[in-house]
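Asker: would you be able to build a 3D model of this:
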Amino acid sequence: MKRMKALLAATAILIAGSAAAQAKTLVFCSEGSPEGFDPAPWTAGTTLDASARPVYNRLIEFVAGSTDVAPGLAESWETAEDGLSITFKLRPGVKFQTTPWFTPTREFNADDVVFSFKRQLDKEGPWFEYTPGISYYYFDSTGMASGIKDIVRVDDLTVRFDLTRPDVTLLSSFPMGFASILSKEYADQLEAAGTKERLNTQPVGTGPFTFVNYQQDAVIRYEAFADYWEGKQPLDQLIFAVTTDPGVRQQKLLAGECDVVPYPNPADVQNLKDNPNLKVMQQEGFNIGFLAYNTQQAPFDRPEVRRALNMAIDKQAIIEAVFQGTGVAAVNPLPPTSWGYNEALTDDPYDPAAAKAALEAAGVSGLKMKIWAMPVQRPYNPNARRMAELLQADFAAVGVEVEIVSMEWGEYLSQSSRVDRDGAVLLGWTGDNADPDNFLGVLLGCEGVGSNNRAQWCHQPYEDLIQKAKITTDPAERKRLYDEAQAIFKQEAPWATIAHSIVTLPMRSNVTGFVQDPLGLHSFQGVDKAE
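Answerer: Numbering: from 1, shown residues only. From the prediction side, this is the model:
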């Protein structure tokens, strides 16, 4: 009998091992660690890749590979004639994921939508700051915080957003990660248990993959959600292997330890293209890399000082050394592929002598400043440290002494948003949607000061233009307003615009169904691996 039990146990182990071996697994070597798994408080693409895309859905979704939108958890929506409300009709029969920490007792309904947005709207509510230090940067800077008056549950499958003002940009924000829909039932369970912080560490959504676990700074595991409303995914398991060094990511890709890797070193792209075991996707990035001065700190509170510093930057040398053929010099805060781009504007001239004279005329001498360099690769900046060193040399040539500082990525994002931050920050942006307001409003509007507006710049003539554009329905008039706003931006110079990049994504040749996202995120819905 003991022998029979041992034989059965051994057989069970073999069967389990065989099943595991047959499970179809894809490994994505991500470039960094997520700040959390609740998409609402965070803005980094690294975090949204790990949270919003695999685990959650939104009322409206982007069509894969496009900035066009399609129904998601909402089957349809309608804006009132006066522009003061949007009504969503919700999709019936959508299930939430079951995990070891939560078993849903009902399907998705209007309560989940109201909870997901009201927690970001209601500053006095129990979920507004459920874990210390969080802020809803996107909800604020997209104008939802000031634009939404109330979120009303009409019935189980109908939700109405009442607005304080018409806003033609608002709908374009609903497919963004911060607008992901969470389970109110799960939140109620956590609140009752006194463990609200787990909303950010043990996520539950309706998306294609269920979160399994996260080993800090090492690996995130997901499994396909069998009851996903669009059908189970071709992959059984999805693994994010956190690999911060681009050289190591490339080695893992070549060795077959990673199936997809983001942000290769520009110098390695051609060799990757030449490898028969790989395929390399590329597209013009909908992005901007910039140096943001803190315009609320002297002497950077003066436009003439900011313009003088911009003239000291040898942008072409940065493009050659840092981007190595995968970037172009940026003139405007919008990428050239945006319909709102102002083609009439010209770039800052590179003129160190004029820069030095302008600083002297402004009474600035012996200036010491900090330049913040990102610790991670981003699509808009493949090597921030090297870029900072080049800027350091450029500024030294006009008598400005630069100290380069950096810190862990999550801390970098948090500290760089502070109004009392010193120096200038290297950062950038990949558009979250196709509307110009996602750059011109989110990054440079007054509502973004202290969050996504790293220049801490609130300039009323500019603000008036972008706010008027938000309520203007005529596309030609909106384009005129955005052209004028960009002209003011160039004159005021809250940033040095550095570059727009080409985004490169290498993967193993047996990966199928992957669609490169023009907005820079990585979604594995519909992705498969050939035998």
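Asker: going forward, measure contacts and count neighbours with C-alpha atoms only.
Answerer: Noted.
Asker: Leu182: neighbouring residues, count only.
Answerer: 28 (other CA atoms under 10 Å).
Asker: touching, it and Phe117? I think so.
Answerer: No: contact criterion CA atoms under 8 Å: Leu182 and Phe117 do not qualify, at 9.4 Å.
Asker: please enumerate the helices of the stretch 251-400 of the chain.
Answerer: Under the criterion DSSP state H, counting those that start in this stretch, the stretch 251-400 of the chain contains helices at 269-274, 303-311, 315-318, 352-361, 384-396.
Asker: of all the ones you listed, which one is nearest Gly285?
Answerer: helix 269-274 (15.6 Å; CA to CA).
Asker: in terms of secondary structure, what does the closest one contact?
Answerer: strand 278-284 (3 or more CA pairs under 8 Å, 6 or more residues apart in numbering; DSSP states H and E).
Asker: the nearest residue to Ala226 once chain neighbours are set aside: what's it in contact with?
Answerer: Excluding the flanking residues, the one nearest Ala226 by CA to CA, 6 or more residues apart in numbering is Lys232, at 4.9 Å. The neighbours of Lys232, taking CA atoms under 8 Å, 6 or more residues apart in numbering as the test, are 208, 224-226.
Asker: what about those, which are in helices?
Answerer: Nothing among the contacts of Lys232 maps onto helices, per DSSP state H.
Asker: show the buried residues in those residues.
Answerer: 208, 224-225 (16 or more other CA atoms under 10 Å).
Asker: Ala354: which of these is nearest?
Answerer: Pro208 (55.9 Å).
Asker: pretty sure the closest one contacts Val55?
Answerer: Yes: under the contact definition of CA under 8 Å, Pro208 touches Val55, with a separation of 6.3 Å.
Asker: make JSON lines out of the contacts of Lys232 and add distance to Ser417 and pLDDT.
Answerer: Output for these, formatted as JSON lines (distance: CA to CA, whole Å; pLDDT from 0 to 100):
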{"residue": "Pro208", "distance to Ser417": "33", "pLDDT": "98"}
{"residue": "Ala224", "distance to Ser417": "36", "pLDDT": "98"}
{"residue": "Phe225", "distance to Ser417": "36", "pLDDT": "98"}
{"residue": "Ala226", "distance to Ser417": "40", "pLDDT": "98"}
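Asker: please identify which of the residues you listed is nearest to Gly423.
Answerer: Pro208 (42.2 Å).
Asker: residue ranges with poor pLDDT in the stretch 51-200 of the chain?
Answerer: Judged against pLDDT under 70, the stretch 51-200 of the chain has no low-scoring part.
Asker: cool, the chain as well?
Answerer: 1-21.
Asker: was I right about Ala23 contacting Ala224?
Answerer: No: Ala23 lies out of contact with Ala224 (CA under 8 Å); the separation is 10.6 Å.
Asker: and the helix or strand hosting Val114, what does it pack against?
Answerer: In this structure, Val114 sits in helix 110-121 according to DSSP states H and E. Packed against helix 110-121 by the contact rule (3+ CA pairs under 8 Å, 6+ apart) you find strand 148-155, strand 158-163, helix 184-193.
Asker: now the ones you listed as CSV including mean neighbour count and distance to Glu81?
Answerer: Shown next, in CSV, are those (neighbours: other CA atoms under 10 Å; distance: least, CA to CA, whole Å):
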stretch, mean neighbour count, distance to Glu81
strand 148-155, 17, 17
strand 158-163, 20, 13
helix 184-193, 16, 31
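Asker: need these in a markdown table with distance to Leu443, can you?
Answerer: Shown next, in a markdown table, are those (distance: least, CA to CA, whole Å):
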| stretch | distance to Leu443 |
| --- | --- |
| strand 148-155 | 20 |
| strand 158-163 | 22 |
| helix 184-193 | 31 |
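Asker: among these, which is nearest Pro335?
Answerer: Smallest distance to Pro335 across the helices and strands packed on helix 110-121 (CA to CA): 28.7 Å, for strand 148-155.
Asker: residues in contact with the closest one: which ones?
Answerer: Residues outside strand 148-155 that contact it (CA under 8 Å, 6+ apart): 110-111, 114, 117-118, 121, 159-164.
Asker: now with 6 Å, please.
Answerer: Applying CA atoms under 6 Å, 6 or more residues apart in numbering, the contact partners of strand 148-155 are 110, 114, 159-164.
Asker: stretch 223-230 too?
Answerer: By CA under 6 Å, 6+ apart, stretch 223-230 touches 94, 208-210, 232-233, 236-237.
Asker: among these, which are located in strands?
Answerer: 209-210, 237 (DSSP state E).
Asker: quick revisit: out of the contacts of strand 148-155, which is nearest to Asp82?
Answerer: Using CA to CA, these come closest to Asp82 at Leu163, 10.3 Å.
Asker: excluding its backbone neighbours, what's nearest the closest one?
Answerer: Distance criterion CA to CA, 6+ apart; nearest residue to Leu163, sequence neighbours excluded, is Ile148 at 4.4 Å.
Asker: hang on, the earlier thing: show me which of the contacts of stretch 223-230 is closest to Val63.
Answerer: Closest approach between the contacts of stretch 223-230 and Val63, by CA to CA: Pro208, at 15.3 Å.
Asker: one step back: just so I know, which of the helices and strands packed on helix 110-121 lies nearest Asp301?
Answerer: Among these, the nearest to Asp301 by CA to CA is strand 148-155 (32.3 Å).
Asker: and the closest one with strand 158-163, angle?
Answerer: Angle, strand 148-155 to strand 158-163, by axes from the mean of the first three to the mean of the last three CA atoms, to 10 degrees: 160 degrees.
Asker: walk me through which strands strand 148-155 pairs with, and which way each runs.
Answerer: strand 158-163 (antiparallel) (DSSP bridges).
Asker: what comes into contact with the partner strand?
Answerer: Contacts for strand 158-163 (CA under 6 Å, 6+ apart): 84-90, 110, 147-153.
Asker: one more: stretch 257-277?
Answerer: Outside stretch 257-277, the residues that touch it by CA under 6 Å, 6+ apart are 27-29, 246, 252, 280, 324, 505, 507-509.
Asker: apply 7 Å and report the result again.
Answerer: When contacts are defined by CA atoms under 7 Å, 6 or more residues apart in numbering, stretch 257-277 is touched by residues 26-31, 246, 249-250, 252-253, 278-280, 323-324, 326, 377-379, 382, 504-509.
Asker: just the buried members of these?
Answerer: 26-31, 246, 249-250, 252-253, 278-280, 323-324, 326, 377-379, 382, 504-509.
Asker: of those, which belong to strands?
Answerer: If you go by DSSP E, the buried ones among the contacts of stretch 257-277 have 26-28, 278-280, 504-508 in strands.
Asker: what segments of the stretch 401-531 of the chain are strands?
Answerer: 401-405, 424-430, 495-508, 511-512, 528-529 (DSSP state E, counting those that start in this stretch).
Asker: could you dump those into a markdown table with distance to Ala476 added?
Answerer: Below are the strands of the stretch 401-531 of the chain laid out as a markdown table (distance: least, CA to CA, whole Å):
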| stretch | distance to Ala476 |
| --- | --- |
| strand 401-405 | 43 |
| strand 424-430 | 24 |
| strand 495-508 | 25 |
| strand 511-512 | 40 |
| strand 528-529 | 42 |
